[in-house]
Every structure is written in C-alpha cells, then in structure tokens.
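Colleague: no FASTA, just this:
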Ligand SMILES: Nc1ncnc2c1ncn2[C@@H]1O[C@H](COP(=O)(O)OP(=O)(O)O)[C@@H](O)[C@H]1O
Ligand SMILES: [Mg+2]
C-alpha cells in the first residue's frame, strides 16, 4: 500500500508545461527526496499533491483515494498532508505556541489544553522548550524554521512535505533543522523532501528522484543515484553541484 | 593581511560637551520667542489692533459665548466618537467584501467596489446636504427625521469608503506567504482573514486610520450646515447677533484642544510602526 500515488500528473501554467506526466509513489514510512535545478517543477509538484494549486491531467492519491474525492473535502486533506515552505511564514503577531496550536484548535476543534500539551511536547522534542511564549521575530531563522515544521506536525499529518526548508538559512543554522528532519525520520514519518543539500539527501532518503523540465528523469536509491547516475542530465546536474562544493 | 581595528570612539549624544548639548536648543527657542515678540509688537502698534482685538479676541464675548459653544462642541465630540466606531467596523466589512474571492462572493465584491468608488468620488458636504435635508424631507414612515442622524450617516458613509481603502492597502501589504501558510494548515478563507491577515493589516494601517480620525474630528462641523447646533453653529449664531467673531476663536480653541492630542497620538503610533518595520528588516 502506498501512502501517495501520483499517476500521469500534468500541469500547465498558462501555456508553459511545468509538470509533464509525472509518476511517483511514496510508501508508508518512506522518505523520498526530490532534487533538480531551480525551475524544474519541484515546488509545483508538492503544491499539486496537497491541492494548493490545481493540475490539468492525472491523479494524485492519498492512501489509495484521489485527493479530489469528497472524503478529503472539509480540509481533511490539509490535516493529512503537512507542508513547510522555504520562507517559514510564521504568523508574526502570534507567539510560537499560538502559531502551533492555531490549526489544531480552530480547524480540527481540539481543545486548548490538549493542543498546547502536544505543542509543548513537540517543542521539547526539537529543542525549543522555553520559546513557547516568544514571538517569531525574537527567534533565529533556524529556530523559526523548526517552529514551522512543528506547526505542520501539530496537525498530526500522515505525510510531511518540505520545500527547500534550509535554503534561506545561514550555513551554521542548517544543521539544527536537518537534525529535526532526521529525528522525524527515526520516528517513521513519511516525507517528501525537496532539497539542495545532497549530503543530507544521501543520509536521509530511501529514494531520490531527479526532476528536470517537469519530468522525473531518474529515480533510484541514494547510493545508486549519487555514485552511478545513468541519465546524462543527472550526471551534468550532480557535476555542477559538486563544483559548487555542495556534495 | 590587515585586520579590522576599532577606530577612535565616535561622538554620540551622550558624551557631547555641555556647550554642544545646550546651545542649539537655547538658540532655537530664543529665535522663535524673538520672532513672536517682533510680530506681536508690529501687530499691537498697528492702528487697527484695538479693532482686531475687540472683534476677535474680546474676553467678555468669549466668556459670554463659551457655555453655548462648549455645549455645541459636546455634540461634535459625541457624533465623532459614535461615527468612529461605526466607520471602523463598516469599513473593515467593506474591505473584507472587496478581498473575497470565489463566485459565491461576486455580488458582495461588486457592491463594495461600487460603494467605495461612488462615495469617495463625492464631496462630503454634498452628501451631508443630500442625506441631512433630502431624506427627512421624504417623510418616510418609520425612518428617523433628524437632520443630525442623517448628517452623521452621510459622514459615516463617506469616511467608510476612505477607511475601507486604507484597510485594503494594509491587507495587500501582508505577504502572500502568510495566506499560503494559513491555507496549507487548513484554515478556511474566513479563518485566514480573521486569524492571519486582518490582525497584521490593522497593525499596518493604524497610523493612517488615526489620521482619518483626526480629519473626521474636524469635518463633523460640516453638520452645522444642516442647522445642527454644534460648536461652529453656536459660534455663528453669536456672530450673527453681535457682529463679534470672538465666538469663532473660542470654537477654534476647542477644536485644537481636541485635535492636537490626537495628532500626537498618531505620531506616536507612526513612530512605533516604523521601528517595528525596521526591526523586522534588520
Ligand atoms: N504561480 C506561477 N505562475 C506561473 N508560472 C509559475 C508559477 N509558479 C511557478 N511557475 C513556473 O513553473 C516552473 C516550475 O517552478 P517551481 O515548481 O517553482 O520550480 P522549482 O521549485 O523546481 O524551482 C518555473 O518555470 C516557474 O517559472
Ligand atoms: Mg521551489
């Protein structure tokens, strides 16, 4: 049984083809990393999966049910699939605790006590206890991004999607965020991760997909893809990454 | 390789010598006082000064008219406060209507756009005359006939159109990512507005809204054209009776006493707002 199944997904922005017949599955507890040059359609793919943007052809299924099925109406889909963006987008006028408990309380009708208890649990787990009453602007970028991940986790999603969550961070802050993600992996979280940190992808991924021009050109285990890439485009991309010193 | 080394300490406000600290303010204050003194001397020496003084600054006249003007001014203030509350809410509703997307809300959105365009395009005075004289003249049963009531409605309608645009600019200034994050967390459009967008938008535009409030504080006097006995009207009545303008000066002083603190408050919030933005970009 696959948690996520994507079949023949095609998407246009106006006349330009952004996703071209994408097929991809993510199993339960599996961690899949998406790599590829900027503009290759990685973010769009994630946004299609949790229905933030509409697509033109194909089907996306969560636990075997199309995301457009009425079972996922009434925001059930957003509860099941969490997403975290590159710019953390915390709500600046709310404390960390309110940021985390907003959706559980207002969308999922979980009591304040219960949602706050879970929020504190997550904050402690990810080394942020003591920041519950801080405002986002009092935190470093890395801490804010960890809060954003916790905020997505507070909905108790079945799948977590991360879109270049370390790309906006200073190098010394990246490690803390990556540790959080590794921790989530240990706990069996199913994840779909877009990243430019190839070393991290090699460590954490069960499978790596190389996206180019809206198509998945190569899909393999990290050992295979990083050491014996088959597609010339993949080799070219990895070559450039190595030259930039990021592998 | 050269390393950065601290240079000589910069002069900051705190380590100025006493001469540098006190001299500039002393000079500027003396200059202003001197200028006032010169102007005053010229004015008082002028032939017409006794007449001007009697016409505009007659203390007995001011004392005589003051209770009436003050009573009128209390009408200005009550209308102002009630209107402020109504405008703050109604304009927010208009701004929200205008921002709604989706086919279900088309009519609300169109209504808000038409309303704002119409009422921003008309002089407040014209609206006050139209509502304040026009509607009571229709004598529709069940509707209030008071000019004061309809005049206030006119002011509220007009100012709400402006305030709605101010709110809207505040909503536009909230980063798109905030909406995306709220949606991805599962918040509905209404919840996104209520919990994520509007609190930030209101904070963004508080200084501009306060500026509008100061403008309204003065414009309530437009209702005097309807015969409403506000401060300006009372002053005018006195002037018509005695041919003395000191009553208008009395009203002017009352308005200043009310508007200047509001302006200072606006400055304060503007400054705080700027500091907050600076802090965020650093
Ligand atoms: N909202 C949009 N409107 C039009 N074109 C878009 C929009 N978002 C992304 N695109 C285009 O879609 C392509 C894929 O973008 P994206 O999914 O963001 O790529 P990636 O995340 O891999 O950098 C790019 O060519 C981009 O210009
Ligand atoms: Mg992207």
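Modeller: That came through fine. In this text, all values refer to a predicted model and were calculated from it rather than measured experimentally. Ligands and ions are numbered 1, 2, ... in the order given.
Colleague: after the helix-or-strand element of chain A with minimal mean pLDDT, next one along is what?
Modeller: Ranking every helix and strand in chain A by mean pLDDT, DSSP states H and E puts helix A:171-186 at the bottom, with a mean of 85. Where DSSP states H and E defines the elements, the next helix or strand beyond helix A:171-186 is strand A:190-194.
Colleague: still on that earlier bit, residues of the least confident helix or strand of chain A that come out buried?
Modeller: Within helix A:171-186, the residues that qualify as buried are A:173-174, A:176-178, A:180-181, A:184-185, counting by 16 or more other Cβ atoms under 10 Å in any protein chain shown. For every residue, glycine as well, the C-beta is placed using N, CA and C.
Colleague: report the angle between the axes of that helix and strand A:190-194?
Modeller: 150 degrees (axes from the mean of the first three to the mean of the last three Cα atoms, to 10 degrees).
Colleague: Can you name the residues in contact with helix A:171-186?
Modeller: A:31, A:125-127, A:140-143, A:145-146, A:149, A:153, A:160, A:162, A:165-166, A:169, A:191, A:193, A:197, A:200, A:203-204 (Cβ atoms under 8 Å, 6 or more residues apart in numbering or on different chains).
Colleague: mind checking which helix or strand residue A:209 is in?
Modeller: strand A:207-212.
Colleague: hmm, back to that, switch the buried residues of helix A:171-186 over to CSV; also include distance to ligand 1.
Modeller: Formatted as CSV, those follow (distance: Cβ to the nearest ligand atom, whole Å):
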residue, distance to ligand 1
A:173, 21
A:174, 18
A:176, 23
A:177, 18
A:178, 19
A:180, 21
A:181, 18
A:184, 21
A:185, 22
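Colleague: What parts of chain A come near ligand 1?
Modeller: A:13, A:18, A:36, A:38-44 (Cβ under 6 Å from any ligand atom).
Colleague: Mind checking which of the residues you listed are buried?
Modeller: Buried, going by 16+ other Cβ under 10 Å: A:18, A:36, A:40-44, out of the residues of chain A next to ligand 1.
Colleague: In strands, which of those fall?
Modeller: Counting by DSSP state E, these place residue A:18 in strands.
Colleague: out of the buried ones among the residues of chain A next to ligand 1, who's nearest residue B:51?
Modeller: residue A:43 (78.0 Å; Cβ to Cβ).
Colleague: Compute the distance between the closest one and residue A:52, please.
Modeller: 10 Å (Cβ to Cβ, to the nearest Å).
Colleague: Spit out the residues that contact the two alike.
Modeller: By Cβ under 8 Å, 6+ apart, no residue touches both residue A:43 and residue A:52.
Colleague: what about residue A:86, is that helix, strand or coil?
Modeller: Secondary structure for residue A:86, judged by DSSP: H, G, I helix; E, B strand; the rest coil, is coil.
Colleague: Would you enumerate the residues in contact with it?
Modeller: A:163-165, A:167-168.
Colleague: one more time with 10 Å
Modeller: Taking Cβ atoms under 10 Å, 6 or more residues apart in numbering or on different chains, we find residue A:86 in contact with A:43, A:145, A:148, A:162-169, A:194, B:177.
Colleague: could those residues go into JSON lines alongside secondary structure and pLDDT?
Modeller: Putting the contacts of residue A:86 into JSON lines (DSSP: H, G, I helix; E, B strand; the rest coil; pLDDT from 0 to 100) gives the following:
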{"residue": "A:43", "secondary structure": "helix", "pLDDT": "93"}
{"residue": "A:145", "secondary structure": "helix", "pLDDT": "90"}
{"residue": "A:148", "secondary structure": "helix", "pLDDT": "94"}
{"residue": "A:162", "secondary structure": "strand", "pLDDT": "93"}
{"residue": "A:163", "secondary structure": "strand", "pLDDT": "92"}
{"residue": "A:164", "secondary structure": "coil", "pLDDT": "89"}
{"residue": "A:165", "secondary structure": "coil", "pLDDT": "87"}
{"residue": "A:166", "secondary structure": "coil", "pLDDT": "85"}
{"residue": "A:167", "secondary structure": "coil", "pLDDT": "82"}
{"residue": "A:168", "secondary structure": "coil", "pLDDT": "79"}
{"residue": "A:169", "secondary structure": "coil", "pLDDT": "80"}
{"residue": "A:194", "secondary structure": "strand", "pLDDT": "94"}
{"residue": "B:177", "secondary structure": "helix", "pLDDT": "90"}
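Colleague: Quickly find the element holding the closest residue to residue B:120 other than its chain neighbours.
Modeller: Using Cβ to Cβ, 6 or more residues apart in numbering or on different chains and skipping the chain neighbours, the partner closest in space to residue B:120 is residue B:161 (4.5 Å). Per DSSP H and E, residue B:161 falls inside helix B:147-172.
Colleague: List the buried residues of that helix.
Modeller: B:147-168, B:170-171.
Colleague: Keep those residues, but drop any that are not near ligand 1.
Modeller: Within those, nothing lies near ligand 1 by Cβ under 6 Å from any ligand atom.
Colleague: What lies in contact with stretch B:91-104?
Modeller: B:105-113, B:115-116, B:119, B:156, B:159-172, B:189-190, B:193-194, B:197-198, B:201-202, B:205, B:209, B:212.
Colleague: hmm, back to that, averaged pLDDT, the strand holding residue A:209. What do you get?
Modeller: Strand A:207-212 shows a mean pLDDT of 94 in the predicted model.
Colleague: Report the mean confidence score over the helix or strand following that strand.
Modeller: Downstream of strand A:207-212, the next assigned helix or strand under DSSP H and E is strand A:215-220. In this model, strand A:215-220 carries a mean pLDDT of 92.
Colleague: between the buried residues of helix A:171-186, which is closest to residue A:221?
Modeller: Of these, the one sitting nearest to residue A:221 (Cβ to Cβ) turns out to be residue A:185, at 15.2 Å.
Colleague: about what we covered before: now for the helix holding residue B:161, which elements pack on it?
Modeller: Judged by 3 or more Cβ pairs under 10 Å, 6 or more residues apart in numbering or on different chains; DSSP states H and E, helix B:147-172 is in contact with helix B:59-99, helix B:106-120, helix B:124-129, helix B:135-138, helix B:198-219.
Colleague: Residue A:105 is nearest to which of the ones you listed?
Modeller: Once these are compared by Cβ to Cβ, helix B:198-219 is nearest, at 16.0 Å.
Colleague: Can you pull out the low-pLDDT segments for the stretch 1-150 of chain B?
Modeller: Scanning the stretch 1-150 of chain B for pLDDT under 70 picks out B:1-16.
Colleague: ok, now with 80
Modeller: B:1-20, B:43-44, B:46-47 (pLDDT under 80).
Colleague: Tabulate the helices and strands packed on helix B:147-172 (a markdown table), appending distance to residue A:93 and mean neighbour count.
Modeller: Shown next, in a markdown table, are the helices and strands packed on helix B:147-172 (distance: least, Cβ to Cβ, whole Å; neighbours: other Cβ atoms under 10 Å in any protein chain shown):
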| stretch | distance to residue A:93 | mean neighbour count |
| --- | --- | --- |
| helix B:59-99 | 16 | 18 |
| helix B:106-120 | 25 | 15 |
| helix B:124-129 | 34 | 18 |
| helix B:135-138 | 41 | 14 |
| helix B:198-219 | 5 | 19 |
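Colleague: out of those, nearest to ligand 1?
Modeller: Of all these, helix B:59-99 sits nearest to ligand 1, with 19.2 Å by Cβ to the nearest ligand atom.
Colleague: Can the strand or helix carrying residue B:182 be said to contact chain A?
Modeller: Applying DSSP H and E as the criterion places residue B:182 in helix B:176-184. Yes: applying Cβ under 10 Å from any Cβ of the partner chain, one finds helix B:176-184 touching chain A at B:176-184.
Colleague: Can you pull out the residues in contact with that helix?
Modeller: Under Cβ under 10 Å, 6+ apart, the answer for helix B:176-184 is A:46-47, A:50-52, A:75, A:78, A:81-92, A:99, A:102-103, A:107, A:148, A:151-152, A:155, A:161, B:175, B:187-189, B:191-193, B:195-197, B:200.
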